[in-house]
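S.K.: when you get a sec, could you give me coordinates for this:
(one chain, ligands or ions: 1)
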Amino acid sequence: MSATATGPHRRALLAGVTALAFAGAARAAVATPARHAVLIRTLIGQMTLDEKIGQLNQAPGGRQRALNSRIDAAQLDLVRKGGIGSYLHVAGADFLRELQRVAVEESRLKIPLLFGIDVIHGFRTIFPVPLGMAATFDPDIVRACSRVAAIETSVSGLHWTFTPMVDIARDPRWGRIVEGAGEDPYLGSRIAEAQITGLQGDNLAGKDVILACAKHFGAYGAANGGRDYDSADLSERTLQEVYLPPFHASVRAGAGSFMTAFNDIAGVPTTANQALVRGQLRDQWGYQGLVVSDWNAILELINHGIAETPAQAAALALKAGVDMDMAGGVYAGHLKEAVSADPSLMPYLDQAVGRVLATKARLGLFDGPFRFGDSAREKTELNSPAHRTIAGEAARKAIVLLKNEGGLLPLSPAGKRIAVIGALAGDASSALGSWRARGQVGDVKTLLAALREQSGATIDYQPGAAPRGDDASGIPAAVAAAKASDVVLLVIGEDFDHSAEARSRSDITLPGVQSQLAQAVLATGKPVVVVLMNGRPLALADILGKADAALETWFLGVESGPAIVDILTGKVSPAGRLPAGLPRNAGTSPSFYAHMPSGRPADPDLAKDSARYHDVEIGPLYPFGHGLSYASFAYADLVIDKPRIGPDQAVAITLSVTNTSKVAGDEVVQLYMRDPVASVARPVKELRGFVRVALKPGETRRVTFHLHAMQTALWTTADRWRVEAGRIDVMVGASSDDIRLRGSFTITGAATTMEPAASLLTRVTVS
Ligand code: BGC
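M.R.: As a prediction, this is how the structure comes out:
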């Protein structure tokens, strides 16, 4: 079935796909301009070995919640000696101006410092957590939020953020699922592009932009059992088809830096993985930017058991292509020893130094070391009304309506008595999520405050139970409030510190006594709206089964409360979609919609031996892509413009979507594909396009997806992707489990490409 395209044909194919990949995010890996190349060569020629190693040293200037706290006189001396290339966990226009001044005025070579910080979902204006941002299915709002984050970060004197986390996460036990875009590589690729282009703008030397960092390369999200930092033992196919595409999309979007993961893939820690970092990322994908280790990860190569001494660990990481050592001090303390033991490391060292200097040059720091940081604008930009407006829009777009039986929502609260139960309703700190850079609890408008201000209802608030802990003494008062109410808002989930780094959980039901609280409230028989707040998909089949309506609200940031109230009251119709399915229980993890068909597909009949569990229903409670609306939508008239295409051609898949209701709303139209007969088993469905369309009551729009044959390619051995001849089925619908229209086309020949299929953009037009 397959043939390898060679010569001009193959080049044409690759050119075609490259054009396609660039269609939505036209930023290439940037070559160093000649002027900078000369400067860098000259500097490297002048540098001592210690000064070179200094450039590779990224030191913590503080701690995550105590920025700048470690910058003392000894650190300033180190800067003067050229011993530091970069600081992380620092902030503040005036503070960083002074630190930079020491570097560019008092060090011998006057090389500027690079200042980095984790701005994961906002700097001071905090947006929804990344999983919530992905739930918007709207790259434009993601880009807009990243733009705001870049403005606030850069006026505060910083050049670099360790964002986006593009790790695919298919196991909700893994706490860091909150930091990424969920389970799907196509969605993950689009969200990654949006974040990177929002942070970096068109030109890193421009105004109000910062350097992005795609992390954690390459299969951090595949940690065994969902245990953070654990080994990823996955097939080459899964690595290439599922985990790497968002990284490839990040390269195409121009990400200026990459971070390697803490963990190993089949025994090879990525921080020392030459084949992956130097080979795949740099040589095959053409990535020219900076690679930084994760925090202390070079030293941890000793724990992994592949180095005996810090000098060996340093040599392994350097050879793999890791340019900068984050917080480990291993390059600073031991690279000299490694280089004298093995002078063949010298060219690697010079390359790494060159890349650090090139990054500083790209950011315009040699021309204007103080161009970042503006203490006047710091006062006006941070948490500005304009930025909060964007945060509010993102928060509204991120909310997912999971169920709405009997049309309980939207509520008409005026004059009603609403029991608000659950401590998370008033928990401003949790609304900020786990990463908050300079976010302030006082900036948050909570759900409770917004209900009191905006709803016109009598609010009877009873915390009932804290998000964790075993104090059940508040439950009777909560039940009494529920009984006396017209409707209950049951606000349950996790607090902000129950997900994110090193926050894996084996039990992903409600922590503490919240289940007891929820069951007691549900038993009152009052209408109950569950409002979930959490950083991971929770397993709540029983509670969600009994509730009348449920909203997934993640942690929505500073405008959390007003956004939820707007959705509850129908001011805005919900349209967020699940970027990762909600499991029925933790024992089914990892599971995902894009699974292989199996020779014995899951069968509802337990008498048949099939690919399922005996003690739980088939599939997730709510699947990937699920999300309801107050409006209703009809899909019709699917047309595929060509029944047959060559492997270097595209089809246009067009359909109509109509708002058949009396309320305005957005619909997220999703395109899935399947290769039904291939040389290897293919997933039952794979997302290959989506668009969030706003539709007025009665309005119809035509949506066209431009799908290229290359986007059906599968990974083969020998580092290649192959488009196979044969039929491709396409499915269009409102979720991965709500397919409304089907069609197919045939690819008439085979071809080879180098681009991961899921990383390529499907252009969508709406008329
Ligand atoms: C995390 C990274 C983060 C870094 C710096 C590490 O522990 O894994 O995602 O960017 O710390 O804070």
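S.K.: around the ligand, pick out the residues from this protein.
M.R.: 88, 118, 162, 215, 294-295, 501 (CB under 6 Å from any ligand atom). (C-beta placed from N, C-alpha, C; glycine too.)
S.K.: quick check: of the residues you listed, which lies closest to residue 689?
M.R.: residue 215 (26.0 Å; CB to CB).
S.K.: just say helix, strand or coil for the closest one.
M.R.: Three-state assignment for residue 215 (DSSP: H, G, I helix; E, B strand; the rest coil): strand.
S.K.: just the closest residue of this protein to the ligand, please.
M.R.: Evaluated by CB to the nearest ligand atom, the chain has residue 162 as its residue closest to the ligand, separated by 3.4 Å.
S.K.: ok, that residue - contacts?
M.R.: 88, 116-120, 213, 215, 259, 292 (CB atoms under 8 Å, 6 or more residues apart in numbering).
S.K.: cool, residue 58 as well?
M.R.: Contact analysis of residue 58 by CB under 8 Å, 6+ apart lists 84-88, 114, 116, 292, 324-327.
S.K.: if you rank those residues by neighbours, which is first?
M.R.: The most neighbours of any of the contacts of residue 58, using other CB atoms under 10 Å, belong to residue 325, which has 33 neighbours.
S.K.: mind listing what's buried along stretch 158-175?
M.R.: By 16 or more other CB atoms under 10 Å, the buried positions in stretch 158-175 come out as 158-175.
S.K.: CA atoms of that stretch as PDB?
M.R.: Taking only C-alpha atoms (Å, rounded to 0.1, in the frame of the first residue of the first chain), the coordinates of stretch 158-175 have been written out as PDB:
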ATOM      1  CA  LEU A 158      11.100  39.900  32.800                       C
ATOM      2  CA  HIS A 159      12.100  38.400  29.500                       C
ATOM      3  CA  TRP A 160      11.100  34.800  29.600                       C
ATOM      4  CA  THR A 161       8.300  32.600  30.900                       C
ATOM      5  CA  PHE A 162       8.300  28.800  31.300                       C
ATOM      6  CA  THR A 163       5.100  28.400  29.300                       C
ATOM      7  CA  PRO A 164       3.300  26.700  27.600                       C
ATOM      8  CA  MET A 165       3.200  23.300  29.100                       C
ATOM      9  CA  VAL A 166       2.200  21.300  26.000                       C
ATOM     10  CA  ASP A 167       2.400  17.800  27.600                       C
ATOM     11  CA  ILE A 168      -0.500  15.600  26.600                       C
ATOM     12  CA  ALA A 169      -2.200  14.200  29.700                       C
ATOM     13  CA  ARG A 170      -4.500  11.200  29.500                       C
ATOM     14  CA  ASP A 171      -4.400  10.300  33.200                       C
ATOM     15  CA  PRO A 172      -6.300  12.600  35.600                       C
ATOM     16  CA  ARG A 173      -4.400  11.100  38.500                       C
ATOM     17  CA  TRP A 174      -1.400  13.100  37.200                       C
ATOM     18  CA  GLY A 175      -1.700  16.500  39.000                       C
END
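S.K.: any idea of the mean pLDDT for that stretch?
M.R.: Averaged over stretch 158-175, pLDDT sits at 98.
S.K.: also stretch 42-55?
M.R.: Across stretch 42-55, the per-residue pLDDT values average to 98.
S.K.: please renumber the chain so that the first residue is 46 from this point on.
M.R.: In the new count, where the first residue is 46, that last one comes out as stretch 87-100.
S.K.: which residues touch that stretch?
M.R.: Here stretch 87-100 has contacts from 126-130, 153-154, 156, 376-377, 380-381, 384, 394-395, 397-399, 401-402, using CB under 8 Å, 6+ apart.
S.K.: which among the residues you listed end up buried?
M.R.: Buried among the contacts of stretch 87-100 (16+ other CB under 10 Å): 127-130, 156, 376-377, 380-381, 384, 394-395, 397-399, 401-402.
S.K.: determine how far stretch 419-427 lies from the middle of the whole chain.
M.R.: The offset between the C-alpha centroid of stretch 419-427 and the centroid of the whole chain comes to 28 Å, using CA atoms, centre = their mean, to the nearest Å.
S.K.: if we can go back for a sec, ok, now how distant is the residue of the chain closest to the ligand from residue 300?
M.R.: Counting by CB to CB, to the nearest Å, the gap between residue 207 and residue 300 amounts to 11 Å.
S.K.: likewise for residue 624?
M.R.: As defined by CB to CB, residue 624 lies at a distance of 20 Å from residue 300.
S.K.: returning to what we had before: which of the contacts of stretch 87-100 fall within helices?
M.R.: Using DSSP state H, 376-377, 380-381, 384, 394-395, 397-399, 401-402 are the members of those that sit in helices.
S.K.: out of those residues, which is nearest to residue 284?
M.R.: Of all the ones in helices among the contacts of stretch 87-100, residue 284 sits closest to residue 397, with 25.1 Å by CB to CB.
S.K.: ok, for the closest one, nearest residue in space, not its chain neighbours?
M.R.: The spatially closest residue to residue 397, leaving aside those adjacent along the chain, is residue 368, at 4.0 Å (CB to CB, 6 or more residues apart in numbering).
S.K.: what's near enough to touch the one you found?
M.R.: Residue 368 makes contact with 101, 335-337, 396-397, 400-401 under the criterion CB under 8 Å, 6+ apart.
S.K.: from the residues you listed, pick the one nearest residue 468.
M.R.: When the contacts of residue 368 are compared for distance to residue 468 (CB to CB), residue 337 comes out closest, at 38.4 Å.
S.K.: ok, the closest one touching residue 300?
M.R.: No: taking CB atoms under 8 Å as the definition, residue 337 is not a contact partner of residue 300, at 11.9 Å.
S.K.: common neighbours of the two, please.
M.R.: The contact lists of residue 337 and residue 300 share residue 258, where a contact means CB under 8 Å, 6+ apart.
S.K.: not counting sequence-adjacent ones, nearest residue to residue 706?
M.R.: Using CB to CB, 6+ apart and skipping residues adjacent in sequence, the residue nearest residue 706 is residue 676, 4.2 Å away.
S.K.: what about that neighbour, which SS state?
M.R.: When classified by three-state DSSP, residue 676 comes out as coil.
S.K.: residues contacting it?
M.R.: 618, 704-706, 708-710, 712, 740, 742.
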